[in-house]
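**Student:** What would the 3D arrangement of this be:
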Amino acid sequence: MNFSSQMDAEKVLVVHSRLTVVPSKPSPAGKVHPLSLLDHTMQLHFVRSVYYFSPPAAKTSNQMIYDMKESLCKTLTTYPIYAGRLRKAGDGKWEVKCNDAGVRVYEAKAHLSLDDWLATSNRPAESELCTTEISPDHTISPVAIAQFTVFKCGGLAIGFSWLHILGDPNCGTLFMKAWGETHRAAQI
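**Tutor:** Coordinates of the predicted model:
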C-alpha cells in the first residue's frame, strides 16, 4: 500500500483525543519572551518532527503516553515559551506571553503496524503524524503541538510541531532532548 494522498492517510489514522498539557509549576506572573529580529524573519509557519519508537516492552502504549504527558508538564516548567501564546508588543512585533496556556496534545491510532507504516508512507502521509493548528488569531493558538500515534503493533510515533518564529529545528530538537531526559529520569 502506498499513500498517494492525504485522504489515504486519513483512512489509516484516527485522532481520538485532543487536550492541553500545561507546565507543572506556574510561570512568573507577567513573564514575556521577546522575539529577535532573526526570529521575526521566520514568520508564522510550523516546523515539524516525528520520532518513531518500537512497542514498549514493559508498558502499554497508553501508559507510555500518560507518562510522556506527565514528563511534558515538567519539561514545560523549564521551557515556558512552548506553553505560551503569541501577542503583539507595543512596537508591533511578536512576543511570547509565558501564560502557561499549554501545549496542545493529540492522540491518534493507526490501523497499520509501525513496520508497514514506515515501509509505505510518504511525506504527505507522514505529516498526518504531526498536527498543526493554523488560526487567523495567533494570540489564542498554541505555539507548540504534540501528537502521539499508536500503531496496530503497539509502536508509537511522537510528532512535535512548533512555530518557526520560536526557534529553528535545532531549538526544537533541544526541547525534545530535554523532554526525553525528563521522561527517563522520571522512569528510574
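**Student:** Which secondary structure state does the residue lying closest to residue 113 once chain neighbours are set aside sit in?
**Tutor:** Distance criterion C-beta to C-beta, 6 or more residues apart in numbering; nearest residue to residue 113, sequence neighbours excluded, is residue 153 at 3.9 Å. In short, each C-beta sits where N, CA and C put it, glycine included. Classification of residue 153 using DSSP: H, G, I helix; E, B strand; the rest coil returns coil.
**Student:** And residue 133, what's its pLDDT?
**Tutor:** Reading off the confidence values, residue 133 has pLDDT 81.
**Student:** Could you give the number of residues near it?
**Tutor:** The burial count assigned to residue 133 is 14, neighbours taken as other C-beta atoms under 10 Å.
**Student:** cool, and residue 20?
**Tutor:** Residue 20 has 12 neighbours, counted by other C-beta under 10 Å.
**Student:** residue contacts, it?
**Tutor:** 101, 102, 103, 104, 105, 142 (C-beta atoms under 8 Å, 6 or more residues apart in numbering).
**Student:** what does residue 80 give?
**Tutor:** 23, 27, 31, 33, 98, 100.
**Student:** try residue 175
**Tutor:** With C-beta under 8 Å, 6+ apart as the criterion, the residues that contact residue 175 are 75, 79, 82, 160, 162, 167.
**Student:** Take these and keep only those in strands.
**Tutor:** The strands in this structure, assigned by DSSP state E, contain 160, 162 from the contacts of residue 175.
**Student:** Give me the pLDDT value at the residue most central in space within the chain.
**Tutor:** To find the centre residue of the chain, average its C-alpha atoms and take the closest one (C-alpha atoms, centre = their mean): that gives residue 146, at 2.3 Å. pLDDT for residue 146: 96.
**Student:** tell me which residues form a beta bridge with it?
**Tutor:** residue 105, residue 160 (DSSP bridges).
**Student:** now the strands for the chain?
**Tutor:** Using DSSP E, the strands of the chain run over 13-21, 32-34, 46-53, 85-88, 94-97, 103-110, 144-150, 156-163.
**Student:** okay if I get the ones you listed as CSV plus distance to residue 128?
**Tutor:** Compiled in CSV, those are given as follows (distance: least, C-beta to C-beta, whole Å):
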stretch, distance to residue 128
strand 13-21, 5
strand 32-34, 30
strand 46-53, 10
strand 85-88, 25
strand 94-97, 27
strand 103-110, 8
strand 144-150, 8
strand 156-163, 9
